[in-house]
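Peer 1: I would like the atomic coordinates for the input below:
(one chain, ligands or ions: 1)
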Amino acid sequence: MARSPVKNLKWNPGTAGNEALPYPDDLVGQVDSYLAELEFGEKEPVMPLTEAMRYSLLAGGKRIRPILLLATGRAYGTPPAAIMPAAAALEMIHTYSLIHDDLPAFDDDALRRGQPSCHVKFGENVAILAGDALFAEAYRLICERLEAAPPVRLSVIEEISVATGVKGVVGGQLIDIMGSACDGDTLEMLHSLKTGRLITACVRCGGLLAGVTAPELTQLSGFAADLGLLFQIKDDILDVVGETAVLGKQAGADLRHKRCTYASLYGLDESMRLAQEYRSRALEALEGLQGDTGDLAGITNYIYERQR
Ligand code: GRG
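Peer 2: Here you go, the predicted model:
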């Protein structure tokens, strides 16, 4: 068995209080309402496109990424409504990645968010365009609706561009489809890019919009990196032990695709131990921050405990 990727970790009794903190449920409804009200210029010729975009966007994902952004902002006193366009944009980009990931050229998955995948419902060509449009509309939303000083808005755009490009989601996806060697370092690098980098962007954008200092932003990034790996380890565990009906996507897909995952590389027991350690590490990172990080601890606990 490969070595554990978590080095020199000790259980930190200081995180114990944070383990009871709840998920900020109030933000879920706010995100869902905002997404439902978005206008994409629905006119007859583009109706199938906007229908496909809404179909996937409003299908009821967990909204972890926008909530992370809003919770980070709120930790430093920024009201969620003030930064909602950035949060919605990140959910749109995440939805775009799910639509494309489900395509026959990638995972060829027929079920997503408890309903037929976008390409199953609308056809492959429309699904590709729905993803493309969600990506572009996300940037339009930030440019038109996010009220922030131009340099801050530019930093947010840069953050998201980097997180989604070659040094982020797309690069991670390429490494994944190339199916390179399955070892601990490759796995960590793959997931840091494919999943972790977008999660980090959510936290960093929340921090940027709240005007945190550079050292604070660095510490927030450390928290987010651990959270991203926790998210992925849990995702890999759920692929093995979860149920399709609860997950809203096909369980066992990693095995079907012979993917290198935490569960396949380290086994279930060790993966669960790693998840616990990354939760501990993420909660520990929150302790040194200046903001009121209760919501971020609640999100960490939710990601650790989630069943879908
Ligand atoms: C440039 C964003 C972008 C994508 C193009 C297709 C592709 C390249 C990348 C695939 C990235 C991908 C789908 C990674 C998987 C991440 C993951 C585990 C998603 C599941 O997230 P949840 O559980 O889903 O938060 P919900 O449905 O709850 O939002």
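
Peer 1: Could you export stretch 98-113 as CSV, CA atoms only?
Peer 2: These are the backbone C-alpha positions of stretch 98-113, laid out as CSV (Å, rounded to 0.1, in the frame of the first residue of the first chain):
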residue,chain,number,x,y,z
LEU,A,98,-20.6,18.5,-14.5
ILE,A,99,-22.5,18.7,-17.8
HIS,A,100,-19.3,18.2,-19.8
ASP,A,101,-17.9,15.6,-17.4
ASP,A,102,-21.1,13.5,-18.0
LEU,A,103,-20.7,13.5,-21.8
PRO,A,104,-19.8,10.3,-23.7
ALA,A,105,-16.3,11.7,-24.4
PHE,A,106,-15.6,11.8,-20.7
ASP,A,107,-17.5,9.7,-18.1
ASP,A,108,-20.6,8.9,-20.2
ASP,A,109,-22.9,9.1,-17.1
ALA,A,110,-26.6,9.1,-17.6
LEU,A,111,-27.7,10.3,-14.2
ARG,A,112,-26.8,13.7,-12.5
ARG,A,113,-28.4,15.5,-9.6
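
Peer 1: Could you list the buried residues of it?
Peer 2: Within stretch 98-113, the residues scored as buried using 16 or more other CB atoms under 10 Å are 98-103, 107, 109, 111-113. No exception for glycine: its C-beta is placed from N, CA and C like everyone else's.

Peer 1: what pLDDT does whatever residue of the chain ends up closest to the ligand get?
Peer 2: Across the chain, the shortest distance to the ligand (CB to the nearest ligand atom) belongs to Gly61, at 2.8 Å. What the model reports for Gly61 is a pLDDT of 90.

Peer 1: Which ones, among the buried residues of stretch 98-113, also lie beside the ligand?
Peer 2: Taking CB under 6 Å from any ligand atom as the test, the ligand is in contact with 98, 100-101, 113 out of the buried residues of stretch 98-113.

Peer 1: would TSV of the buried residues of stretch 98-113 with pLDDT, distance to Thr164 and secondary structure be doable?
Peer 2: Shown next, in TSV, are these (pLDDT from 0 to 100; distance: CB to CB, whole Å; DSSP: H, G, I helix; E, B strand; the rest coil):
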residue	pLDDT	distance to Thr164	secondary structure
Leu98	98	13	helix
Ile99	98	14	helix
His100	98	11	helix
Asp101	97	13	helix
Asp102	98	17	coil
Leu103	98	17	coil
Asp107	94	18	coil
Asp109	95	20	coil
Leu111	97	24	strand
Arg112	97	19	strand
Arg113	97	20	coil
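
Peer 1: Quickly note the distance from Asp26 to Ala75.
Peer 2: 14 Å (CB to CB, to the nearest Å).

Peer 1: Look at the two and report which has more neighbours.
Peer 2: Ala75 (23 against 12; other CB atoms under 10 Å).

Peer 1: just checking, the more buried one touches Leu289?
Peer 2: Yes: shown here, Ala75 and Leu289 form a contact pair, counting by CB atoms under 8 Å, at 7.4 Å.

Peer 1: Tell me if I am right that Lys249 is in a strand.
Peer 2: No: read with DSSP: H, G, I helix; E, B strand; the rest coil, Lys249 is coil and lies in no strand.

Peer 1: Tell me where the stretch 51-200 of the chain has strands.
Peer 2: 111-112, 115-116 (DSSP state E, counting those that start in this stretch).

Peer 1: Minimum distance to Asp235: which of those strands has it?
Peer 2: strand 111-112 (14.1 Å; CB to CB).

Peer 1: Tell me the residues on the stretch 151-300 of the chain that lie near the ligand, please.
Peer 2: Residues of the stretch 151-300 of the chain lying close to the ligand by CB under 6 Å from any ligand atom are 164, 169-170, 173, 194-195, 235.

Peer 1: between those residues, which has the most around it?
Peer 2: Going by other CB under 10 Å, Val169 tops those with 24 neighbours.
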